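Engineer: Make a model of this:
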Amino acid sequence: MIDRREILDIAGTLGLLPQVVEKDYVLGWILAGIYQQTALAESWIFKGGTCLKKCYFETYRFSEDLDFTLTDPSHIDRDFLASVFRGIGEWIYEKTGIELPEAMQDFDFFENPRGSVSGQGKLSYRGPIAPRSGGLPRIKLDLTPDELLVLPSAKRTIFHDYSDAPTEEITVLCYTYEEAFAEKVRALGDRARPRDLYDVINLYRNAEARPRSTVLLDVLEQKCAHRGRSVPTLGGLEIHRGNLEGSCRPMLDHQLQALPPIESFWGALPEFFDWLQTGVTPAAPARYRMAAGETVLRERTLRLPVSGRNRSYLEIIRFAAANHLCVDLQYQGSARRIEPYSLRRTRDDNIVLHATRTTDGEHRSYRIDRIQGARATGQSFIPRFAVELSPQGPPVIPPTTNQEK
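Structural biologist: I've put the predicted structure just below:
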């Protein structure tokens, strides 16, 4: 198990509660435990917001629960789940020292709106940060055996950037990117929660990973029909705007380094729905002009040759860029507020951040090794140039029959 200090350092740098970072750490090991179980490895399909964070976008909102579609309904059984998670808990403890006390594992079952039985598990854990009072923190499992799978599932290596990450990596079976995207749109129409709005607009804004609108709409229509719902529309969501705005801070604030203005996400919905129905998107802004010998860097943060502290600053900058938020940058003894756009390697082998200074709109470049601090602000910006700061570029999406539509 990693040291308490590692959790505190990450939390301090990102401006998050240590418990949020600890839960992300434990989630990774629970996923490792689930997918080393032969009985589960090919029949539990990972989905939801935590799937987006762990499988597709290294820099994303933190999440709290684990959601799965089960292709074997017989797994919705108290004795089976108790037995298999007893083994998972033992395996995780042997590997890491994280405790999942068997006496504090609980499984409940209920009839879902489609008349089938779904399950919910609650796993208490004791990680690097021991609670000073009260009970242990818990992770919720959502288990659905009758969800419609439109596309074949994908195998992905999860992001688990902690010092005790297993050398063989952690591979899971999960929803394809298109199916995860469609599920989020459906969820936005069903329950209109701030995290669903946040996810839908973030996925849409990531133009490099954006699927064809015809593919997404086809998957969405099938998933909505399976649940007896209509495809969500902008008009249908309008009545929920007040609730979305009122619940944004309590539902999202603790999962993010900075809370973007909800208006910036709500304001993007007309463009999203227009694209979904027509496939037409506004012209993308041009990228910053490339200097001689420059190359754009899209490697994961941990793979870049920068120091630990500057690596953390870069993660903050990448989060802000993905959310169209300005950054307060400490650089060579002074502060400035910037719009971050692109990370590049120069012909002199320096890594630089290209940005626009908000005070005068001037282009500036900053060497990463000279950055002394970075903080994502709550001030949003409309990109003047292409944002080229996602750690991986587009996720690799296996070809499917539906993609040819």
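
Engineer: which stretches of the stretch 301-405 of the chain form strands?
Structural biologist: Listed in chain order, the strands of the stretch 301-405 of the chain (DSSP state E, counting those that start in this stretch) span 325-331, 334-345, 351-357, 363-367, 371-380.

Engineer: before we move on, what about the stretch 151-300 of the chain?
Structural biologist: Using DSSP E, counting those that start in this stretch, strands in the stretch 151-300 of the chain cover 154-157, 171-174, 295-296.

Engineer: who does the second one touch, helix- and strand-wise?
Structural biologist: In terms of contact count using 3 or more Cβ pairs under 8 Å, 6 or more residues apart in numbering; DSSP states H and E, strand 171-174 is assigned the packing partners helix 18-35, strand 44-47, strand 154-157. In this view, the C-beta of every residue, glycine as well, is placed from N, C-alpha and C.

Engineer: where are the low-confidence patches of the chain?
Structural biologist: 132-133, 302, 391-405 (pLDDT under 70).

Engineer: Check it for me, the residue farthest from its geometric middle.
Structural biologist: Distance from the centre of the chain peaks at residue 292, with 34.7 Å (Cα atoms, centre = their mean).

Engineer: which residue sits closest to it in space, ignoring its chain neighbours?
Structural biologist: residue 347 (6.6 Å; Cβ to Cβ, 6 or more residues apart in numbering).

Engineer: Hmm, the one you found is touching residue 293, no?
Structural biologist: Yes. Here residue 347 reaches residue 293: they are 2.6 Å apart, a contact under Cβ atoms under 8 Å.

Engineer: Show me how far the helix or strand that contains residue 7 is from its chain's centre.
Structural biologist: Taking DSSP states H and E as the criterion, the element that holds residue 7 is helix 4-14. The chain centre lies 19 Å from the centre of helix 4-14; the measure is Cα atoms, centre = their mean, to the nearest Å.

Engineer: now the angle from that helix to helix 18-35?
Structural biologist: Orientation note: helix 4-14 sits at an angle of 120 degrees relative to helix 18-35 (axes from the mean of the first three to the mean of the last three Cα atoms, to 10 degrees).

Engineer: so helix 4-14 versus strand 371-380, what angle?
Structural biologist: Interaxial angle of helix 4-14 relative to strand 371-380 (the same axes, to 10 degrees): 60 degrees.

Engineer: can you tell me how far residue 257 sits from residue 174?
Structural biologist: Distance, residue 257 to residue 174, using Cβ to Cβ, to the nearest Å: 25 Å.

Engineer: quick one, which of the two is more surrounded?
Structural biologist: Neighbour count, other Cβ atoms under 10 Å: between residue 257 and residue 174, residue 174 has more, with 27 against 20.

Engineer: List the beta-bridge partners for that one.
Structural biologist: Applying DSSP bridges to residue 174 gives these bridge partners: residue 46, residue 154.

Engineer: how about residue 155, what does it touch?
Structural biologist: Contact analysis of residue 155 by Cβ atoms under 8 Å, 6 or more residues apart in numbering lists 171, 172, 173, 174.

Engineer: Just put the strands of the stretch 301-405 of the chain in TSV and tack on mean neighbour count and distance to residue 142.
Structural biologist: Below are these laid out as TSV (neighbours: other Cβ atoms under 10 Å; distance: least, Cβ to Cβ, whole Å):
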stretch	mean neighbour count	distance to residue 142
strand 325-331	21	30
strand 334-345	19	35
strand 351-357	21	39
strand 363-367	16	43
strand 371-380	18	30
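
Engineer: Out of those, which is closest to residue 276?
Structural biologist: Checking the strands of the stretch 301-405 of the chain against residue 276 by Cβ to Cβ gives strand 371-380 as the closest, at 22.6 Å.

Engineer: contacts for that closest one?
Structural biologist: With Cβ under 8 Å, 6+ apart, strand 371-380 has contacts from 15, 257-261, 264, 310, 313-314, 316-317, 319-320, 323-333, 337, 353, 358.

Engineer: That strand vs strand 363-367, what angle?
Structural biologist: 140 degrees.

Engineer: Direction included, what does strand 371-380 pair up with?
Structural biologist: Strand 371-380 sits in its sheet next to strand 325-331 (antiparallel), going by DSSP bridges.

Engineer: can you list contacts of the partner strand?
Structural biologist: If you take Cβ under 8 Å, 6+ apart as the criterion, strand 325-331 is touched by 258, 260, 316-317, 319-320, 335-340, 355, 358, 366, 370-381.

Engineer: still on that earlier bit, so can I have JSON lines of the strands of the stretch 151-300 of the chain showing distance to residue 74?
Structural biologist: Rendered in JSON lines, the data for those read as follows (distance: least, Cβ to Cβ, whole Å):
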{"stretch": "strand 154-157", "distance to residue 74": "23"}
{"stretch": "strand 171-174", "distance to residue 74": "18"}
{"stretch": "strand 295-296", "distance to residue 74": "49"}
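
Engineer: tell me the centre residue of this structure?
Structural biologist: Among the residues of the chain, the one closest to the centroid is residue 53, at 2.5 Å (Cα atoms, centre = their mean).

Engineer: returning to what we had before: for the strands of the stretch 151-300 of the chain, state which one has the densest average packing.
Structural biologist: strand 171-174 (a mean of 21; mean count of other Cβ atoms under 10 Å).

Engineer: send the alpha carbons of that strand over as PDB?
Structural biologist: Below are the C-alpha coordinates for strand 171-174, written out as PDB (Å, rounded to 0.1, in the frame of the first residue of the first chain):
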ATOM      1  CA  THR A 171      -6.800  -4.500 -17.800                       C
ATOM      2  CA  VAL A 172     -10.600  -4.500 -17.600                       C
ATOM      3  CA  LEU A 173     -13.600  -5.300 -19.900                       C
ATOM      4  CA  CYS A 174     -15.600  -2.100 -20.500                       C
END
